[in-house]
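> Sharing a model prediction with you, sequence too.
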Amino acid sequence: MKKLKIKKVEKDSDIIKCWELIYDVSIYMENELKQFNWSPPISLEYFKNSLIDKELFIGYFNDIPIATFNLAQSDEGYTNKIWEDVEDSVILSKLAIHPKYQSKGFGKICLDFIELYCRKINIKSILLDTLATNKKLTNFYVEEGFCLVGNKDIVSKRGNKWNINLFKKIIDVE
């Protein structure tokens, strides 16, 4: 069984490692998947500013940082208010697995960690969004028990227009 050590980020050096993962994944998404929602790659300063009111996590495999994600209990810091009700929920964003480690079960390990974490802090659901055109990711989240609950058109801070799918997973907290 793969062992991924996931921890909450508390040091600047880990923030930089998370940003480097996001950067590598954005380049991969642009070059290999022709998906440009994280392109051009965000600056470190922008990334740090985007963490206000969010918890950042990093996952290490054999002491190598390969995964990162954010959890937020409100959508106040987001450009687009895409969720109508975030009470008793966390918003999962920027779940990124380094391209060399994708399709090896690490995304599922991250989701299992998030679900356990939510149970510990009495959160009742996980919310997330994906580009509607990313069928592989849509299928992954459905396979992991997320329900498609909506679809929206949004405009990013950079003026990019995207059509996104909204997903929700109810957590059994008892």
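Everything's here; your move. Residues are numbered from 1 along each chain as shown.

> switch to C-alpha atoms for all contacts and neighbour counts from now on
Noted.

> What's the local residue count around Ile121?
10 (other CA atoms under 10 Å).

> Just list the residues touching it, thanks.
By CA atoms under 8 Å, 6 or more residues apart in numbering, no residues touch Ile121.

> Asn163 too?
By CA under 8 Å, 6+ apart, the neighbours of Asn163 are Leu131, Ala132, Thr133, Asn151, Lys152, Asp153, Ile154.

> ok now do the second one, which residues does it touch?
Right, Ala132. So Ala132 contacts Thr138, Asn151, Asn163, Ile164, Asn165 (CA under 8 Å, 6+ apart).

> picking that back up, of the contacts of Asn163 - the most surrounded one?
Of all these, Leu131 has the most neighbours under the rule other CA under 10 Å, reaching 19 neighbours.

> ok so, going back, for the contacts of Ala132, which one is nearest Ile123?
Of all the contacts of Ala132, Asn165 has the smallest distance to Ile123: 21.7 Å, by CA to CA.

> Who is the closest one paired with across the strands?
Thr130, Asn151 (DSSP bridges).

> follow-up on the earlier one: now flag whichever of the contacts of Ala132 is closest to Leu92.
Asn165 (13.4 Å).

> other SSEs contacting the longest helix seen in the chain?
Scanning the chain for the longest helix, with DSSP state H as the assignment, gives helix 12-33. Applying 3 or more CA pairs under 8 Å, 6 or more residues apart in numbering; DSSP states H and E, one finds that helix 12-33 contacts helix 44-49, strand 54-61, strand 64-72, strand 89-97.

> switch the cut-off to 7 Å
Contacts defined by 3 or more CA pairs under 7 Å, 6 or more residues apart in numbering; DSSP states H and E place helix 12-33 against strand 64-72.

> tell me the angle of the strand it packs on relative to helix 12-33?
100 degrees (axes from the mean of the first three to the mean of the last three CA atoms, to 10 degrees).

> Can you give the distance of strand 64-72 from its chain's centre?
8 Å (CA atoms, centre = their mean, to the nearest Å).

> can you list contacts of it?
By CA atoms under 7 Å, 6 or more residues apart in numbering, the residues outside strand 64-72 that reach it are 17-18, 21, 53-60, 90-98, 101.
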